[in-house]
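Participant: Any chance you can model this:
(chains A and B)
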Amino acid sequence: MNLLEFQGKELLSSYGIKIPRSYLAYKVEDAIVGAKKIGYPIVLKSQLQVGGRGKAGAILKCNTEEELIKKFQELLTKEVNGELPKCILVEEMADIKKEFYLSFFLNRGKRCYSVIASSEGGVEIENVENKVIIDIQNEGITPELVSDITDKIELKGNERKEFSEFIIKLSKLILEKEAELAEINPLALIGNGAFEALDAKIILDDNALFRHEDLKKYEQLSPLETQAKENGFSFVELDGDIAIIGNGAGLVMSTLDMVTDAGGKAGAFLDFGGRATTESIYQALKVISKVSKVKAILVNLYGGIVRTDLVAQAILNAYNDNTIKVPVFARITGANSDRAREMLKESKAKLYNTVEQAINSAVSY
Amino acid sequence: MNNKFDLFDILIGNEKDIDFNHKPVIIQGITGSFGSTHTKLMKEYGTNIVAGVTPGKGGMSFEGIPVYNAVSDAVKETKAKISGIFVPAPFFLNAAKEAIDSGIKLLVAIPEHVPITDSLKVLEYAKKNNARMIGPNTPGIIIPETIKVGIMPAKPFVGGSTVVFSRSGTLMYEVSHMLTQAGYGQRLCLGIGGDPINGTNLLEVFDLIREREDIDSVVVVGEIGGDAEEKLSEYIISSQFDKPVVAYVAGRAAPKEKKMGHAGAIVYGNYGSAESKILNYSRAGVPVAKRPIEVPDLLKIKLKK
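Facilitator: Next up, the predicted model:
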């Protein structure tokens, strides 16, 4: 789960990490009130999941109320990588003396948490040569490693002490809240000698949410995603018109690749997992039926242990009660597939022996 | 990495053992619906399931298999070194630690949705105690015609001399089935797991089979997310791995920053992208199939060389 900047900052703040004064605004009136309290100049920042806001012009400085009114409206309608902001953060202009970088992240290759620090903040860390990367223990960062980091980025005196505390707080946050990433870029040394998090990118482990009641409020699922989740499905809505359903994430991904290769555009990705029953497949079709653009449903089911006649029954049920009206192109192998074929003979569903045949028919439909 | 760990020795042993090809296995979570269904199927396949564990159900029996309250009791009675773990994800950490404490050396971790920090803790604990975890979020492990510990169907697999390592369950079945039909039986098929953290990663499974003379080739079924395929490519080059390797990578058409079903299948920028994986494979001389069905053809070409 990807937190928005203001949510991430809320979490940082709860760990005693300093953040700039800010107000969250859904309407321009709220922004005006917030800006007045802070005092101009202020910064407007679109709250988006996607990266690259700055470059896309979704962070704007305002010197006057007039400017704010104009720019607020501009940001509300400005898409960045296909995403529109739901709200905008009105934030004080920080008095920046120097920008740093700090992140803790799950290092998949090394199977541990690692920390990256640099005295060059405000740019993409991939493009920075001068940085420290250190692996840490499951129990958290040690004082020796903190000291090592501040040595390497050449901090002294009070700045060193402040930065060290910042590292420890962020380390505590990532382990206690079970985040996959907590990235502060830029981490600014401001006029009064304190360090402030000017931005926050935090990704939480969805699978650990069950033991973090306080974090559940950040989960922002669409009604369809909620419905899919309640049924135990993995579901991703896409732009095209062919819905892809299957059992197993890899299988559905591979089907998505093949549909794209064949010139089709997928409208949904749905993996209903390992336990396919008539009811679960019926529910999967029900979720898909609510994706507006879908004109065909492609089912790729590796049978194995699943009885294919139970799958056929689910498709029949979905047609019979008008849950779905669009044709189903299904590749189903496994036990009882002759019977499945017989059951679907009179319906709008077509069964195929290979996934290639099913895809070609769905794409050319 | 523990060099002494020998996967085949644990799974089947050697000719001198009285239980050669018949090593005892316990199932944690045996009375749950998932655990019980697959215990039956594993037993049918010939896996020597000697005990089950479900706290509070000790003294019961399932399909003639005694159920214990604690792993330590099951291990004491059966001397099992292998456990198939079928408990729900929130209980996985404790179940895995209990297994390691009781002397289990191979944990096959089936559950999906295990929190990352729990996987890291189990991994650390296993290393300290000379044990190995496969998974979590794995379909398990199968030596065709001998033993299966996991949820895979039996039909796709047949004995032979290739190996399939897969980050995906159904694709492992699919690709193994295609290999079987093309005449390439498997000595071993192992699900790495679909999570960001794997108890045994691709490099480690390659290490486990590189010296084996009964294995002549490797098929790697990968997907987007992380850098396992990139690291494997480096390993193949730097360690001069000399068995033919063929790969498949799912998720070329997946959008960025979206979890595609598996917790580990997510691309950030270029990190974890299919392009990066395919590029690195090509540097290591590993052909990458565009579709699963091409895997046997690529293997055939590689084996001829």
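Participant: can you pull the buried residues of the strand or helix carrying B:K277?
Facilitator: Taking DSSP states H and E as the definition, B:K277 sits inside helix B:274-283. For helix B:274-283, burial by neighbour count (16 or more other Cβ atoms under 10 Å in any protein chain shown) applies to B:A274, B:S276, B:K277, B:I278, B:N280, B:Y281. Glycine gets a C-beta too; all of them are placed from N, C-alpha and C.
Participant: And stretch A:99-111, by the same measure?
Facilitator: Using 16+ other Cβ under 10 Å as the test for burial, stretch A:99-111 gives A:E99, A:F100, A:Y101, A:L102, A:S103, A:F104, A:F105, A:L106, A:N107, A:R108, A:R111.
Participant: same thing with stretch B:217-229?
Facilitator: Those would be B:217-229, for stretch B:217-229 by 16+ other Cβ under 10 Å.
Participant: Show the end-to-end separation of it, please.
Facilitator: 17 Å (Cα to Cα, to the nearest Å).
Participant: touching chain B at all, the helix ranked longest in chain A?
Facilitator: For chain A, the longest helix by residue count, based on DSSP state H, is helix A:157-176. Yes: residues of helix A:157-176 contacting chain B under Cβ under 8 Å from any Cβ of the partner chain: A:L175.
Participant: And that helix, what does it pack against?
Facilitator: Helices and strands touching helix A:157-176, by 3 or more Cβ pairs under 8 Å, 6 or more residues apart in numbering or on different chains; DSSP states H and E, are helix A:5-14, strand A:96-107, strand A:112-118, helix A:143-152, strand A:179-190, strand A:195-197.
Participant: quick one on the thing from earlier: contact partners of the helix holding B:K277?
Facilitator: B:222, B:224, B:227, B:229-230, B:233-234, B:237, B:247, B:249, B:251-252, B:254, B:267, B:270, B:287-288 (Cβ atoms under 8 Å, 6 or more residues apart in numbering or on different chains).
Participant: Could I have the buried ones of those residues as ChimeraX selection syntax?
Facilitator: Selection of buried members from the contacts of helix B:274-283 for ChimeraX, criterion 16+ other Cβ under 10 Å:
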select /B:222,224,227,229,230,233,247,249,251,252,254,267,287,288
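Participant: Of the contacts of helix B:274-283, which belong to strands?
Facilitator: With DSSP state E as the criterion, strands contain B:G222, B:A247, B:V249, B:V288 from among the contacts of helix B:274-283.
Participant: what's the distance between the residue of the stretch 1-150 of chain A found nearest chain B and A:R21?
Facilitator: Closest to chain B within the stretch 1-150 of chain A is A:R108: 4.2 Å, counting by Cβ to the nearest Cβ. From A:R108 across to A:R21, the span is 36 Å (Cβ to Cβ, to the nearest Å).
Participant: what's near enough to touch the residue nearest the centre of chain A?
Facilitator: Most central in chain A under Cα atoms, centre = their mean is A:N2, positioned 4.4 Å from the mean C-alpha point. Contact partners of A:N2, counting by Cβ under 8 Å, 6+ apart, are A:Q49, A:K201, A:I202, A:I203, B:E257.
Participant: mind redoing it with 10 Å?
Facilitator: Neighbour list for A:N2: A:8, A:48-51, A:180-181, A:201-204, A:218, A:220, B:257, B:259 [criterion: Cβ atoms under 10 Å, 6 or more residues apart in numbering or on different chains].
Participant: can you list the domain ranges for chain B.
Facilitator: B:7-134, B:155-304 (automatic domain parsing).
Participant: mind checking which of these is nearest A:L238?
Facilitator: Of all those, domain B:155-304 sits nearest to A:L238, with 6.8 Å by Cβ to Cβ.
Participant: what's the average pLDDT for that closest one?
Facilitator: Mean per-residue pLDDT for domain B:155-304: 96.
Participant: How far off centre is that domain?
Facilitator: 12 Å (Cα atoms, centre = their mean, to the nearest Å).
Participant: count of neighbours near the spatially closest residue to B:I142 that is not a sequence neighbour?
Facilitator: Nearest residue to B:I142 in three dimensions, chain neighbours excluded: B:K148, at 4.0 Å (Cβ to Cβ, 6 or more residues apart in numbering or on different chains). B:K148: 28 surrounding residues under other Cβ atoms under 10 Å in any protein chain shown.
Participant: Over to B:K148. Which of the three states is it?
Facilitator: Following DSSP: H, G, I helix; E, B strand; the rest coil, we place B:K148 in the strand state.
Participant: That one and B:T47: what is the separation?
Facilitator: 6 Å.
Participant: Common neighbours of these two, please.
Facilitator: B:L11, B:V25, B:L41, B:G84, B:I142.
Participant: Which pair of these spans the longest distance?
Facilitator: The widest separation within those (Cβ to Cβ) is 17.5 Å, between B:L11 and B:L41.
Participant: Neighbour count for the two, which is higher?
Facilitator: B:L11 (22 against 17).
Participant: which phi and psi does A:I288 have?
Facilitator: Dihedral pair for A:I288: phi -60, psi -40, per degrees, to the nearest 10.
Participant: burial measure for it, as a count.
Facilitator: 26.
Participant: likewise B:G59?
Facilitator: Neighbours of B:G59 (other Cβ under 10 Å): 9.
Participant: how about it, what does it touch?
Facilitator: Contacts of B:G59 by Cβ under 10 Å, 6+ apart are B:P66, B:V67, B:Y68, B:N69.
Participant: Quick check: chain neighbours aside, which residue is closest to the last one?
Facilitator: Which is B:N69. B:G58 (3.4 Å).
Participant: Okay, the one you found and chain A: tell me how far apart.
Facilitator: 27 Å (Cβ to the nearest Cβ, to the nearest Å).
Participant: give the contact list for that residue.
Facilitator: Contacts of B:G58 (Cβ under 10 Å, 6+ apart): B:G52, B:P66, B:V67, B:Y68, B:N69, B:A70, B:D73, B:A74.
Participant: tell me which of the buried residues of stretch B:217-229 is nearest to B:L208?
Facilitator: Nearest member of the buried residues of stretch B:217-229 to B:L208, counting by Cβ to Cβ, is B:V218, at 11.0 Å.
Participant: I figured that closest one was touching B:S166, is that so?
Facilitator: No: the pair B:V218 / B:S166 is not scored as a contact, 11.2 Å apart, by Cβ atoms under 10 Å.
Participant: Below-threshold pLDDT in the stretch 251-365 of chain A: ranges please.
Facilitator: A:304-306 (pLDDT under 70).
Participant: and the gap between the closest residue to chain A within the stretch 201-305 of chain B and A:D151?
Facilitator: Using Cβ to the nearest Cβ, the closest approach of the stretch 201-305 of chain B to chain A is made by B:G261 at 2.6 Å. Noted for B:G261: a distance of 43 Å to A:D151, by Cβ to Cβ.
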